[in-house]
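[1] How does the following fold in three dimensions:
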Amino acid sequence: MDIEIFKTKDDLNKAFTDRLKEVISKKDTVTIALSGGSTPKSLFDYWAQLPKGEINWSKIRFFWGDERCVPPTDNESNYKMTKQHLFDWVPIPEENIFRIQGENDPESEARRYGELLNHELETTVGIPSFDILMLGMGDDGHTASIFPHKIMFWHSPQNCMVANHPLSGQQRVSLSGKVINAAKNVFFLVTGENKAEKVKEIIEQPDSAKEKYPAALVQPESGNLLWFLDCEAAKLLPQPTSPS
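    Now for the predicted structure:
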């Protein structure tokens, strides 16, 4: 596990982008699973403002780690957020976008998307493997759409499963733990003071944390796990002498 702490979101966005460029430079095609939330939104805005040609968007194939079971025009759709903040601003070929179809029957869509991953991704020990998997973390320790109250969903034998929000009951299609941990690079983007306690517990007490928090179960077989934290999310960790 590598941990990088940043003073500002712009610093975090630049560092994430540098990592993305590094992966792109080594492959003809790169697969990335996106996440929703305010931190990715900031990153997408940063990408949308980059000088033309700085990233070869035609080399990237976009997927999602989870999606709410709503139409793509709904304000809660992760796809809609990505479209508004990234796809509408950069030249990404339509055939490079593989969205979870939240308007479909959830169980059927989980099966469809799981099969799509089998066909579209490279595999690691027979499991679909993203080049980059972007994850966020909720202040309850959830990641993708696997929540603490249904932490057993992490161990689903399927590539994707239907989960539900513990308060609203809203259904979501989410990657399973086996696909998350098969990724070649897993990047956590975590910002905000409300995440600080869980960040500290997961990083400093991983054995006990993995009994409670899905985010603590993110342990990719590749060993390439990188946490991008702002100072607020990292405030309870030992601080480096000079944060990035």
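
[2] Just to be sure, A33 is in a helix?
    No: according to DSSP: H, G, I helix; E, B strand; the rest coil, A33 belongs to no helix; its state is strand.

[3] in this structure, which helix or strand is least confident?
    With mean pLDDT, DSSP states H and E as the measure, the helix or strand of the chain carrying the lowest mean pLDDT is strand 122-124 (a mean of 92).

[4] Could I get the buried residue list for that one?
    Of the residues in strand 122-124, T124 count as buried by neighbour count, 16 or more other Cβ atoms under 10 Å. The C-beta positions use only the backbone N, C-alpha and C, and glycine is treated the same way.

[5] and that strand, how far out from the chain's middle?
    The chain centroid and the centroid of strand 122-124 are separated by 18 Å, computed with Cα atoms, centre = their mean, to the nearest Å.

[6] Centre of the chain to the helix or strand just after that strand, how far?
    Next along the chain after strand 122-124, taking DSSP states H and E as the criterion, comes strand 127-129. The chain centroid and the centroid of strand 127-129 are separated by 15 Å under Cα atoms, centre = their mean.

[7] what packs against strand 127-129?
    If contacts are counted by 3 or more Cβ pairs under 8 Å, 6 or more residues apart in numbering; DSSP states H and E, strand 127-129 sits against helix 106-120, strand 122-124, helix 177-180.

[8] Pick the most buried one from the ones you listed.
    Among the helices and strands packed on strand 127-129, ranked by average contacts under mean count of other Cβ atoms under 10 Å, first place goes to helix 177-180 (a mean of 23).

[9] Fine by me, thanks again.
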